[in-house]
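Peer 1: Just the structure for this:
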Amino acid sequence: MTEKFTPYDSAEFLKTEEDIADYFEAALELAQEEDDPAFLLKAIGIIAKARNMSQLARDSGISREGLYKSLSNEGNPSFFTVMKVVKALGLRLHAGTT
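Peer 2: Take a look at the predicted model:
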């Protein structure tokens, strides 16, 4: 009997608003600690996938294709785009001191 594996998809585990908020907060902290903004963009992309990319496109005013491109590994969105997506997802960036 051969084992069958499927790719791991974090988005499948983001079921509730609390799950999404906790995931985003952890990603934000890790991206800052590791000085890796691409990590945060990847997390936003995963949250977008968990929510519904088509609805996010409508809510953010950015085309679905534009979202996929901006949030891909090759994407380099402006801070303005990131803020529009974060707001459309119902999330907030937090500031604090270390």
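
Peer 1: Tally up the residues packed near residue 67, please.
Peer 2: 25 (other CB atoms under 10 Å). No exception for glycine: its C-beta is placed from N, CA and C like everyone else's.

Peer 1: What are the boundaries of the helices in this structure?
Peer 2: Assigned helices in the chain, in chain order: 17-33, 37-51, 53-60, 64-70, 79-88 (criterion: DSSP state H).

Peer 1: Among the ones you listed, single out whichever gets nearest to residue 10.
Peer 2: helix 37-51 (4.9 Å; CB to CB).

Peer 1: packing partners for that closest one?
Peer 2: Identification of packing neighbours for helix 37-51 by 3 or more CB pairs under 8 Å, 6 or more residues apart in numbering; DSSP states H and E yields helix 17-33, helix 79-88.

Peer 1: just how off-centre is it within its chain?
Peer 2: Distance of helix 37-51 from its chain centroid, counting by CA atoms, centre = their mean, to the nearest Å, is 2 Å.

Peer 1: How about stretch 34-46?
Peer 2: 7 Å.

Peer 1: Show residues contacting that stretch.
Peer 2: 10-11, 14, 23-24, 27-28, 30-31, 70-73, 75, 77, 82, 85-86, 89 (CB atoms under 8 Å, 6 or more residues apart in numbering).

Peer 1: What residues sit buried inside stretch 4-13?
Peer 2: Within stretch 4-13, no residue qualifies as buried by neighbour count (16 or more other CB atoms under 10 Å).
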